[in-house]
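# from the sequence below, what's the structure:
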Amino acid sequence: MQNVTNTMLGRAGNAVLRALYPPQCVTCDMFVAEDGMLCPTCWRDMPFIDGLCCDACGLPLPGTDPGMPVFCDDCLSLARPWEQGRCALLYGEKARKLLLGLKYYDRLDHVPAAARWMARAATPLLQADMLVAPIPLHWTRFLKRRYNQSAELSRALAKLTALDHCPDLLRRTRATGTQDGRGRLGRFNNVQDAFAAHERHLARLQGRDILLVDDVMTAGATFAAAAECCLAHGAASVRVVALARVARAA
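Next comes the predicted model:
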């Protein structure tokens, strides 16, 4: 009887909270039916990556699916250490607002919706017994920010896809600073040898298919350094997924 009463009180409390604070769109102030939803306008304007895309980095490509993997110019010229990659959104004003909220403004309420979009994009990558892990922050940045947005995304993504999750599979061995403003070569040089596998998780890497998760992919330098670290410690393969993909200006 006590449990039933507590349940009824809990439902009543939730109803009061919803009346006082109705759910709002993830990226604007419009009221929506449930938490984590987009309003019709933002759904229309959100730059989801659908249709044909590069099999290695997820960049959207013109044309229709030819029934075989296709690659963008960058991925034809760069040796990617990972097998496949996907991104949920093309970086732009809407995606930027979402990313900034996640990174700098404690908008962890964005995570459930973002993880759903990433799970949909990552469907072609998923392997049985895959291990999901985030790109780590250096400890100095983690102390300043108090959380790793990539780890929050990877945790939610692993739960949605019923895959094993290891939030500290890798560690960042040095403070690399921001990649903003660096050219392609500068980005790769900045993160070279910047990752190491945690000793207590070495056995979990052996022979495993790894899915690395980050909030944004630009040149792919961070993913490359982290993937190389996983492979050097015995991973069978690495695939990558990001919330947003930055397209290089033509």
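# just the strands from this protein, written as ranges.
Remark: strands assigned in the chain by DSSP state E are 85-90, 131-134, 164-165, 170-172, 195-197, 209-217, 237-245.
# what residues does the third one touch?
I take that to be strand 164-165. Asp129, Met130, Leu131, Val132, Ala133, Ser154, Arg155, Ala158, Lys159 (C-beta atoms under 8 Å, 6 or more residues apart in numbering). From N, CA and C alone the C-beta is placed, and that goes for glycine too.
# dump the residue contacts of the nearest residue to the fourth one once chain neighbours are set aside.
Spelled out, that is Val132. Distance criterion C-beta to C-beta, 6 or more residues apart in numbering; nearest residue to Val132, sequence neighbours excluded, is Ala158 at 4.1 Å. Neighbouring residues of Ala158 by C-beta under 8 Å, 6+ apart: Val132, Asp164, His165.
# what about the residue lying closest to Val26 once chain neighbours are set aside, neighbour count?
Closest residue in space to Val26, ignoring its immediate chain neighbours: Ala113 at 5.0 Å, by C-beta to C-beta, 6+ apart. Burial of Ala113 is recorded as 19 neighbouring residues (other C-beta atoms under 10 Å).
# with Asp129 instead?
Neighbours around Asp129, by other C-beta under 10 Å: 10.
# now the helices: where do they sit in the chain?
For the chain, the helices defined by DSSP state H occupy 2-20, 40-45, 73-77, 93-104, 111-122, 139-145, 149-161, 184-191, 202-205, 221-232.
# what number of residues lie near the residue nearest to Leu61 when sequence neighbours are not counted?
Leaving out its chain neighbours, the residue that sits closest to Leu61 by C-beta to C-beta, 6+ apart is Leu52, at 4.8 Å. If you count neighbours by other C-beta under 10 Å, Leu52 ends up with 15.
# gap between Leu52 and Gly177?
For Leu52, the distance to Gly177 (C-beta to C-beta, to the nearest Å) stands at 35 Å.
# ok, now Arg86?
From Arg86 across to Gly177, the span is 27 Å (C-beta to C-beta).
# where does pLDDT dip in this protein?
1-21, 181, 249-250 (pLDDT under 70).
# let's see 80
Applying pLDDT under 80 to the chain flags residues 1-23, 26-29, 32-37, 176-186, 188-190, 248-250.
# domain parsing for it?
1-45, 52-245 (automatic domain parsing).
# buried deepest among these, which one?
Most buried of the domains of the chain, by mean neighbour count (mean count of other C-beta atoms under 10 Å): domain 52-245, with a mean of 18.
# now do the end-to-end distance for stretch 36-49.
Using C-alpha to C-alpha, to the nearest Å, the span of stretch 36-49 from its first residue to its last is 19 Å.
# pull the residues that contact stretch 93-103.
Residues outside stretch 93-103 that contact it (C-beta under 8 Å, 6+ apart) are 26-27, 42, 45-47, 89, 91, 107-108, 110-111, 114, 145, 149, 152-153, 215-216, 243-244.
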